[in-house]
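J.: turn this into a model:
(one chain, ligands or ions: 1)
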Amino acid sequence: MTVEVVVIGSANADVVVRVERRPGAGETVLGSDTVLAAGGKGANAAVAAAKQEAQVALLGALGDDQHGELLRGSMSGTGVRLDLVRTTDRPTGAAYITVTPDGENTIVVSPGANSAVDVEQVEGAREAIAGAKVLLASLEVPLEAIERAVALAHEAGTRAVLNLSPVAELSPQTLAALDPLVVNEHEAQWLLDGETDLRKLLDLGPRSAVVTLGSAGALVIERDGTTEVASPKVTAVDTTGAGDAFAGALVTQLAAGDDLVAAARRAVRVAAVSVTRPGAQASYPTRGEVDSTEG
Ligand code: ADP
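T.: I've put the predicted structure just below:
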């Protein structure tokens, strides 16, 4: 199997219930009907890339259960290849989300099958990683597996991109292989330990970095200069999964030969459309929909 983009990361069922207020300890409250949606950072980014017409495969793990079926359907329905997805005897990862009328949420993540992604599985995907133009990693699967995938990409000359979400301590070798490291403002602050000059991210070792700045767009940091990439002005209704849309679109463009700034310019347009619609994967635009927006 040859694809342009391999995404290593999580696939979760998002189980969402609206409540008037959250229960206290030992208490029961009634909630709305359950809304079940396909999510997880890896699956989201893979779907975003597929909708931007990248040939893309997810390297991840699912359970042999209904949530797994949901994820398989959402990914294969948008063209994500599932050849590198392992079915495990652990349940599919799930995120249990409550939303109150003020829009605040609480989330309990049960990683389940995502925890079963291991170095051996990554080794089994060696050829696909070597044959791809770009590897995209995010961090809801075990760190050893991510670091092995980045190392294989690096060895093979496949461009390695990592979205450091949720934050984790990466080895110097992994950091040095990234082109770019992608972080949001909170993750950047965590890495920089109070330092406000975002260009200092390159001192950690990556060849380049991209900091996403919410409605302000993104900052592209390269050795020879820094470029601000403004976002189109939109009315945001739901920013869930915006970072994953950005990452999926970014790697699609890099795989197609764009330079990093051009790729980021397209990625902010994709992410801007995604925040104008509810949901994560369901909010991601097709390539044609993005073409019809002003950029
Ligand atoms: P994360 O979702 O990972 O916290 P950000 O909030 O920085 O990261 O959002 C990722 C990207 O999504 C941004 O770089 C931007 O392109 C887009 N985005 C997020 N919020 C908005 C918004 N309110 N308006 C327009 N674009 C947005």
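
J.: how about the nearest residue to Val19 once chain neighbours are set aside, phi and psi?
T.: Computed as C-beta to C-beta, 6 or more residues apart in numbering, the closest residue to Val19 that is not its neighbour in sequence is Gly31, at 4.5 Å. Yep, even glycine has a C-beta here, placed from its N, CA and C like the rest. The phi and psi torsions at Gly31 (degrees, to the nearest 10) take the values phi -120, psi -180.

J.: can you name every helix or strand that the helix or strand hosting Ser274 contacts?
T.: Taking DSSP states H and E as the definition, one finds Ser274 inside helix 260-275. On a contact count with 3 or more C-beta pairs under 8 Å, 6 or more residues apart in numbering; DSSP states H and E, helix 260-275 meets strand 208-212, strand 218-222, strand 225-229, helix 242-255, helix 287-291.

J.: restricting to C-alpha, output that helix in CSV.
T.: Extracted as CSV, the C-alpha positions of helix 260-275 are listed here (Å, rounded to 0.1, in the frame of the first residue of the first chain):
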residue,chain,number,x,y,z
LEU,A,260,5.6,25.5,4.8
VAL,A,261,4.2,29.0,4.6
ALA,A,262,1.9,28.2,1.6
ALA,A,263,0.7,25.0,3.4
ALA,A,264,-0.1,27.1,6.5
ARG,A,265,-2.0,29.6,4.4
ARG,A,266,-4.2,26.9,3.1
ALA,A,267,-4.5,25.2,6.5
VAL,A,268,-5.9,28.3,8.2
ARG,A,269,-8.6,28.5,5.5
VAL,A,270,-9.6,24.9,6.1
ALA,A,271,-9.6,25.3,9.9
ALA,A,272,-11.6,28.6,9.5
VAL,A,273,-14.4,26.8,7.7
SER,A,274,-14.4,24.0,10.3
VAL,A,275,-15.1,26.4,13.2
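
J.: most packed of the helices and strands packed on helix 260-275?
T.: Neighbour counts (mean count of other C-beta atoms under 10 Å) averaged over each of the helices and strands packed on helix 260-275 peak at helix 242-255, with a mean of 29.

J.: can you report how many residues neighbour the residue of the stretch 51-200 of the chain found nearest the ligand?
T.: Residue nearest to the ligand within the stretch 51-200 of the chain (C-beta to the nearest ligand atom): Asn184, separated by 3.8 Å. The burial count assigned to Asn184 is 21, neighbours taken as other C-beta atoms under 10 Å.

J.: what bridges to it?
T.: Note on Asn184: beta-bridge partners Thr212, judged by DSSP bridges.

J.: is it true that it touches Val210?
T.: No. Using C-beta atoms under 8 Å, Asn184 is not in contact with Val210; the gap is 9.9 Å.

J.: measure whichever residue of the chain sits closest to the ligand to Glu140 for me?
T.: Taking C-beta to the nearest ligand atom as the measure, the point where the chain comes nearest the ligand is Gly243, at 2.3 Å. Distance, Gly243 to Glu140, by C-beta to C-beta, to the nearest Å: 12 Å.

J.: and the pLDDT at Gly194?
T.: At Gly194, the pLDDT value in this model is 87.

J.: please, which helix or strand holds it?
T.: Per DSSP H and E: Gly194 is located in neither a helix nor a strand.

J.: coming back round to it: mutual contacts of Gly243 and Glu140, please.
T.: Lys41 (C-beta atoms under 8 Å, 6 or more residues apart in numbering).

J.: please enumerate the helices of the stretch 51-200 of the chain.
T.: Shown for the stretch 51-200 of the chain, the helices assigned by DSSP state H, counting those that start in this stretch span residues 66-78, 119-124, 126-131, 143-156, 172-177, 185-192.

J.: can you list the residues of this structure near the ligand?
T.: Contact residues (C-beta under 6 Å from any ligand atom) of the chain with the ligand: 165, 184, 212-215, 217-218, 231, 234, 236, 239, 242-243, 246, 268, 271-272, 275.

J.: ranking helices and strands of the chain by mean pLDDT, which lands last?
T.: Lowest on mean pLDDT, DSSP states H and E among the helices and strands of the chain sits strand 105-110, with a mean of 93.

J.: list the neighbouring strands of it plus their orientation.
T.: Short version: by DSSP bridges, strand 105-110 pairs with strand 93-99 (antiparallel).

J.: now the strand it pairs with - C-alpha only, PDB.
T.: In PDB, the C-alpha atoms belonging to strand 93-99 read as follows (Å, rounded to 0.1, in the frame of the first residue of the first chain):
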ATOM      1  CA  GLY A  93     -11.100   4.600  22.700                       C
ATOM      2  CA  ALA A  94     -13.900   6.900  23.900                       C
ATOM      3  CA  ALA A  95     -14.300  10.400  25.200                       C
ATOM      4  CA  TYR A  96     -17.200  11.000  27.500                       C
ATOM      5  CA  ILE A  97     -18.200  14.600  27.200                       C
ATOM      6  CA  THR A  98     -20.700  16.700  29.200                       C
ATOM      7  CA  VAL A  99     -21.800  20.100  27.900                       C
END
